[in-house]
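Enquirer: Just the structure for this:
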Amino acid sequence: MFSEFRDFIARGNVLDLAVAVIIGAAFGTIATSLTGDIIMPIVGAIFGGLDFSSHFIVLGQIPADYAGSVTDYAALKKAGIPVLGWGEFVTVVINFVILAFIIFLLVRTANKVMKKAEDAPAGPTEVDLLTEIRDELKKR
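Expert: Now for the predicted structure:
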């Protein structure tokens with residue numbers, strides 16, 4: 001069973017997939033940072049300091065022994081208080097749209113490069129070369 005597993009892992013497709021997943025995860029963190037650290041502050045500045053992550057609706061009762069801030073989404077969520085974090089959802093949707101657009105641009109560019117490679121004129125075939133050699137030998 002171990003040798004079968006080793007053979008399975010050693011296949012090119014599995015290794016390519018593993019590399020793609022790792023790069024995708026790293027790229028996802030870059031896109032998250034782009035959204036949270038660059039785009040959302042700009043959107044907030046345009047709309048008068050709007051911070052989507054601070055928008056939520058408390059769905060249940062806040063316990064009397066809760067000592068945190070009632071305006072801090074992360075603290076309420078950590079305390080187990082049911083909250084509907086629609087602002088976080090908007091941020092994640094924007095992050096997804098950015099990531100999907102970047103992937104679209106990458107695939108589009110790759111398709112153009114592959115199409116150019118297909119459109120390149122093919123050289124003479126093996127039969128053409130052999131025919132040319134034969135004809136040259138006949139001349140001598």
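
Enquirer: so where's this protein shaky on pLDDT?
Expert: 9, 12, 49-51, 117, 120 (pLDDT under 70).

Enquirer: For it, which segments count as strands?
Expert: For the chain, the strands defined by DSSP state E cover 57-58, 83-84.

Enquirer: any idea which of these is most buried?
Expert: strand 83-84 (a mean of 15; mean count of other CB atoms under 10 Å). In this view, the C-beta of every residue, glycine as well, is placed from N, C-alpha and C.

Enquirer: Counting by contacts, list what that strand packs against.
Expert: strand 57-58, helix 73-78 (3 or more CB pairs under 8 Å, 6 or more residues apart in numbering; DSSP states H and E).

Enquirer: closest to I38 out of these?
Expert: Set against I38 and scored by CB to CB, the helices and strands packed on strand 83-84 come closest in helix 73-78, at 20.6 Å.

Enquirer: from the chain's centre, how far out does that closest one sit?
Expert: The chain centre lies 27 Å from the centre of helix 73-78; the measure is CA atoms, centre = their mean, to the nearest Å.

Enquirer: Next: stretch 74-82.
Expert: On CA atoms, centre = their mean, the centre of stretch 74-82 falls 29 Å from the chain's centre.

Enquirer: Could you do stretch 113-129 as well?
Expert: 34 Å.
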